[in-house]
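[1] Sequence and predicted model, in that order:
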Amino acid sequence: MTDQKEYHKKYRQEHKEETKTYRKKYNKIHKEEMKVYGRKYMQVHKKELKQWRKDHKKEKKEYDKIYRKTHSIQIKILIKMYYQTVKGKEVSKKHTYKRRRQLGFEPLNKYFEGAITHHITNKIVVYIPEEIHSKFSGYGRKKHRHLILQYYGSIKEMVNANKQ
């Protein structure tokens, strides 16, 4: 048994580059299978992985730091792609309103193409068409809200109009 282990260890050291190129090629060809396997592995070993991260906090932090430095371009691309999705846009808006103006973000209706967020109160948000929102811009916050509510009649009508 030890002879076999030593043989394999020696073989891997001697054929390092060949093994590396073979693994890259294999991973590229079997990408979907590897993803499925990885997801299954994560589900089965969830507790062990959680415990390992807990036990190796410092090592994980160092690894993540190195990873971020070496893969900064890929990370930036992934982040940019995420913020172009509907969920990413909503998260971005929520974060912006919370930080800059101390406003909440509780949407009453769903986002639709061409919509802009409008705060009815400091917490409640409604998605309305951009042209309507800009039509009543240039007023103070209270008057702006009042004019938009007058335009729609009521909050319920506003939400129903945007759900269709």
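    Sure thing, it's come through.
[2] alpha carbons only for contacts and neighbour counts from here, please
    Noted.
[3] would you list every one of the strands in the protein?
    Applying DSSP state E to the chain gives strands spanning 106-107, 115-119, 124-129.
[4] got a list of contacts for stretch 79-87?
    If you take C-alpha atoms under 8 Å, 6 or more residues apart in numbering as the criterion, stretch 79-87 is touched by 88, 89, 92, 111.
[5] okay, residue 90: pLDDT?
    For residue 90, the model assigns a pLDDT of 82.
[6] So what's the residue count around it?
    17 (other C-alpha atoms under 10 Å).
[7] Might you report the residue contacts of residue 120?
    Per C-alpha under 8 Å, 6+ apart, neighbours of residue 120: 126, 145.
[8] which of the strands of the chain sits most buried?
    Scoring those by mean neighbour count under mean count of other C-alpha atoms under 10 Å gives strand 124-129 as the most buried, with a mean of 20.
[9] partners of that strand in the sheet?
    strand 106-107 (parallel), strand 115-119 (antiparallel) (DSSP bridges).
[10] Identify whichever of the ones you listed lies nearest to residue 36.
    When the strands paired with strand 124-129 are compared by C-alpha to C-alpha, strand 106-107 sits nearest residue 36, at 34.9 Å.
[11] mean confidence for that closest one?
    Average pLDDT, strand 106-107: 79.
[12] swap in stretch 93-100?
    Mean predicted confidence for stretch 93-100 is 71.
[13] With stretch 21-40 instead?
    Averaging pLDDT along stretch 21-40 yields 93.
[14] Then stretch 68-87?
    92.
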